[in-house]
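1. Here is a sequence together with a model predicted from it:
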Amino acid sequence: MLKRLFDIFVSFFGLIIFSPIFLIIAILIKTDSPGPVFHRGVRVGQSGKIFRIFKFRTMVKDAEKLGGPSTSADDSRITKIGITLRKYKIDELPQLINVLKGEMSLVGPRPEVPEEVATYSEKEKEILKIKPGMTDFASLWDFHEEEILKGSKDPHQAYRERIKPMKLKLALEYVEKRSFFNDLKIIFLTIKNLFK
């Protein structure tokens, strides 16, 4: 209950505070390349429920038709404004809408696409018992995931081999050790990483 109240409070006031910035970013995205302001990717939430995530669009229109689901830092689909938005994780801020709606939490395992969730083992499915989040232990570990994938011939295969195993391990660790104190610690460390 405390976690949900905290999520509602922070996401509500966060959206109000960031709304002028959102407007500026929306204008920059629209002037940079044709297409929508938001990318509404399909993700798997708590109990396997499908939802659409809110992210600022950082890639060209219909990018998913031009390449795989994983993105490296040198991906040609990334727009000029998209490079900056991704670097400072600004593209993730609209997920506060998902948090306010109750589809996500501020802290929790990062939501995955259905294709990846379909490969989960029975133990890994424990992750789906709680709401996905905007940040967690795995987000702190691979804060700039696209840099790890940079130079890969097949970024999605590289993601599965070099990132996914540790990401799942840390997500399970969060599920086992979750607490309001840990959530506050993860939020603090995430903000600290942003200013590095």
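-> Looks like it came in fine.

2. Lowest average confidence across helices and strands of this protein, where is it?
-> Every helix and strand in the chain was compared by mean pLDDT, DSSP states H and E; the lowest is helix 145-148, with a mean of 72.

3. could I have the helix or strand that that helix is followed by exported to CSV, CA atoms only?
-> For helix 145-148, the following helix or strand on the C-terminal side (DSSP states H and E) is helix 155-158. Presented in CSV, the C-alpha positions along helix 155-158 are these (Å, rounded to 0.1, in the frame of the first residue of the first chain):
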residue,chain,number,x,y,z
PRO,A,155,22.6,-6.3,-31.2
HIS,A,156,19.6,-8.5,-30.1
GLN,A,157,21.7,-11.7,-30.0
ALA,A,158,24.4,-9.7,-28.1
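
4. From the rest of the structure, what touches the helix or strand just after helix 155-158?
-> Downstream of helix 155-158, the next assigned helix or strand under DSSP H and E is helix 164-177. Applying Cβ atoms under 8 Å, 6 or more residues apart in numbering, the contact partners of helix 164-177 are 107-110, 116, 120, 123-124, 126-127, 129-130, 136-138, 141-142, 182. The C-beta positions use only the backbone N, C-alpha and C, and glycine is treated the same way.

5. what's the longest helix in the chain?
-> The longest helix of the chain (DSSP state H) is helix 2-32.

6. list the buried ones in it?
-> 3, 6-7, 11, 14-15, 22, 25-26, 28-29 (16 or more other Cβ atoms under 10 Å).

7. Which of those residues sits closest to Val99?
-> Of all the buried residues of helix 2-32, Val99 sits closest to Ser11, with 4.0 Å by Cβ to Cβ.

8. Surely that closest one and Leu106 touch.
-> Yes. Applying Cβ atoms under 8 Å, one finds Ser11 in contact with Leu106, separated by 7.2 Å.

9. Find residues that contact each of the two.
-> Val99.

10. Burial check on Trp78, number of neighbours?
-> You called it Trp, but residue 78 is Ile. 19 (other Cβ atoms under 10 Å).

11. tell me the contacts of it?
-> Contacts of Ile78 (Cβ under 8 Å, 6+ apart): 58-59, 71, 86.

12. if we go to 7 Å?
-> Contact analysis of Ile78 by Cβ atoms under 7 Å, 6 or more residues apart in numbering lists 58-59, 86.

13. Next, Arg86: phi, psi?
-> For Arg86, the backbone dihedrals (degrees, to the nearest 10) come out as phi -70, psi -40.

14. okay, now the closest residue to it other than its chain neighbours: neighbour count?
-> Of all residues not flanking Arg86 in the chain, Thr58 sits nearest, at 5.2 Å (Cβ to Cβ, 6 or more residues apart in numbering). Residues lying near Thr58 (other Cβ under 10 Å) number 25.

15. Quick check: Thr58 touching Lys87?
-> No. Judged on Cβ atoms under 7 Å, Thr58 makes no contact with Lys87 at a distance of 9.9 Å.
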